[in-house]
Structures are given as C-alpha cells and as structure tokens.
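Q: Below: sequence and its predicted model.
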Amino acid sequence: MTTELNILDKLRSSLQTQEFTEQTKKAYLYWGQEFVEFQNGQDLTSLGIKDIEKYLQHLAAERYAPSQTRNQALQAIMFLYKDVLGNDPDWIGKLACGNDKANTPTVLSKDEVQSLLSHLSGQSWLMASLIYGSGLRLNECLQLRVSDINFQSNTILVRQNNGSAGWVTILPEANRTQLSAHVEDRRLMHIKDIADGMAAVSLPDSIRERTPNAARSWGWQFLFPEKEKHFDPHTGNLSSLLYTSAKNIEKDIATAAINAKIYTHISSVSLRNSFAVHLLRRGLDKSIVKAMLGHGSDTEADCLQVGIKSPLDTLKLH
C-alpha cells in the first residue's frame, strides 16, 4: 500500500511534467490531497466506483460545490488514478457530474472562511468579514451609512433602496476594533470634506426631498466611500457622492481564495451563504436567520434575539 505522503509526492512530480496551466496544477494537487484525506488511509487501488461517487456526493452535500467544481475534482481524481497510480479501472470513465438544474450556492467551511480572511487586509478584510459575520449582500455592505452601525447594541441596520429602515442584523464582536478605527478615519475625512466644501453625499430621492441638509450630515455619510470626488448636480459642488466599487472587493475576494488554495468559485455571495448555513448548523432558529438576511417579517426583525454570536466570532482570527 502506497502511503498518503508518497502518493502526494508522486502527484506533485507528475503534474510538473504536464502541460497544464499553473492554476490547473494547483487545483489538481488540492483535489488530490482532499480526496486522499477523505479516504482516511484506505488503499486507493482497492476503491470502487461507489467510493468515488460517495466523495463527489460529499462535495455536493457538505461543501455545496457546484457541478463545475465537482467535475474539476473528478478530473483530478482520474488523473491521480491513471497518471500517478498507473491504475485505469474500467469504471473510471463512467463517472461524471451532471449539470445542476439550478445554480448551487457555494458554502465555505469555517476553516476555509478563516483561511480566506487571512489573505485579506485593510478595508477588503473589513468588508468581507462584515459580509460573512453579518450576512450582508455585497451592495448592502457597500451602501452602509455611518449611522447604520450601532456599537452599543452590536447591531447593523440594513436599509431599503428608498433609504428607509429595513431590518437589523448582528455586528460581530471581531469587527469592533477595526470598524471603530475605520469610523474614526471616516470622521476625520468628513471634517476635511466639510472644510473643502465637498461633504455632500448621494441620498435617495425621498430623503433628499424631505431633509436636503442630510446630504452633509455625518450620519448619512457612506461608511465605505469611493475615493474619487464627483460633481453633484444638486449642489454644483464636488462631493463624495458614491460608495466604493463592487468590482474591487469581488476581485480581492477571488484573489484571496486562490492564495488560500480554495478552488471552488468564491464570491461575496459565498460568504453570505456561509453565514446562514453556519448559523443553522449551530441550531439557530430558521426564522431568526431569515430575519437577519432580510427575508423575515417585521415582527421577527424587531424581535431579533440579543446575544446571538456571529459565526465570525467563532473563528480564530489573527
């Protein structure tokens, strides 16, 4: 029986001789190691088609991996058998992952979230950790206003598109220090913008018409503003009208996933999905989770339990 270490060494060596892209080599090595560890010491040459199917089902049911990811894992397993073990059983070619009837949401394990966040820093880390720790959609995180953060109650107010209050979710304890520092930096920026006559921020029409001066108020400033100033047609001045770009944070998350050796397709949606699944696996009532995601009734949102621990606070962050 070949040991796990020998198999992975052979896999690594074999991949170096192939004309694969570096990304494919990394992915095959990752899935090869995952597959070997999943078998828990069993002799791979003694496995059959049902053992491989069991692993692929594990990826679908436990890792929420879409068919594209499962197919990549399967190709890595086939390469492992044919090119590394020199074993080409007649059933290997019969394996295939069908296309999903619907897009399967990707959910990360807690270890994967922890690894992903460890490869982010600064504002990107703060936003990604809020998305996972509070269950925010990317746009909800981008459009947060300063007054939406309540450090006393450890909650975040998520607004409707018209600017009115929507629902409340939890503010992770793990975000408090960095978020407090970010808010202070944002306050100093606002003071400078006021001095320069550029503090007016974009507001929903209903808010702007009802309280025109709100555009310059501290509470309505975007928590994550775009760095560039824009011409405000309502005031005729340059101002911090907009929030930061969604493309930047998605790019940073995708890069962090590669560096963390996570080869499923990862985006901000994956972090939000993981927030919900990790809370449900802890036994939290589904109606409470739905309320924090913005799918619950007003009553459920108003009755949000005090003391719910964010999944972010269960990680070992550095």
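A: Cool, the structure landed.

Q: count of residues packed around S153?
A: By other C-beta atoms under 10 Å, 11 other residues sit near S153. Backbone N, C-alpha and C define where each C-beta goes, glycine included.

Q: Mark out where each domain of the protein begins and ends.
A: 4-94, 108-318 (automatic domain parsing).

Q: What ranges does the stretch 151-300 of the chain have for its strands?
A: For the stretch 151-300 of the chain, the strands defined by DSSP state E, counting those that start in this stretch occupy 155-159, 165-170, 230-231, 238-239.

Q: Contact partners for the residue nearest the centre of the chain?
A: The residue lying closest to the centre of the chain (C-alpha atoms, centre = their mean) is L271, at 2.6 Å. Contacts for L271 (C-beta atoms under 8 Å, 6 or more residues apart in numbering) come out as L108, V113, A128, I131, Y132, I253.

Q: before we move on, the earlier item: switch the strands of the stretch 151-300 of the chain over to TSV; also include distance to D51.
A: Shown next, in TSV, are the strands of the stretch 151-300 of the chain (distance: least, C-beta to C-beta, whole Å):
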stretch	distance to D51
strand 155-159	45
strand 165-170	41
strand 230-231	58
strand 238-239	62
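
Q: Now tell me which of these the model trusts least on average.
A: Lowest mean pLDDT within those: strand 238-239, a mean of 54.

Q: Which of the contacts of L271 fall within helices?
A: Judged by DSSP state H, the contacts of L271 include V113, A128, I131, Y132, I253 as members of helices.

Q: Surely the first one touches T314?
A: No - between V113 and T314 there is no contact under C-beta atoms under 8 Å: 9.9 Å.

Q: neighbour-wise, which of those two wins?
A: V113 (27 against 15).

Q: what about the strands of the stretch 151-300 of the chain, which gets the closest to A276?
A: strand 165-170 (11.1 Å; C-beta to C-beta).

Q: And that closest one, how far out from the chain middle?
A: Using C-alpha atoms, centre = their mean, to the nearest Å, the mean C-alpha position of strand 165-170 is found 19 Å from that of the whole chain.
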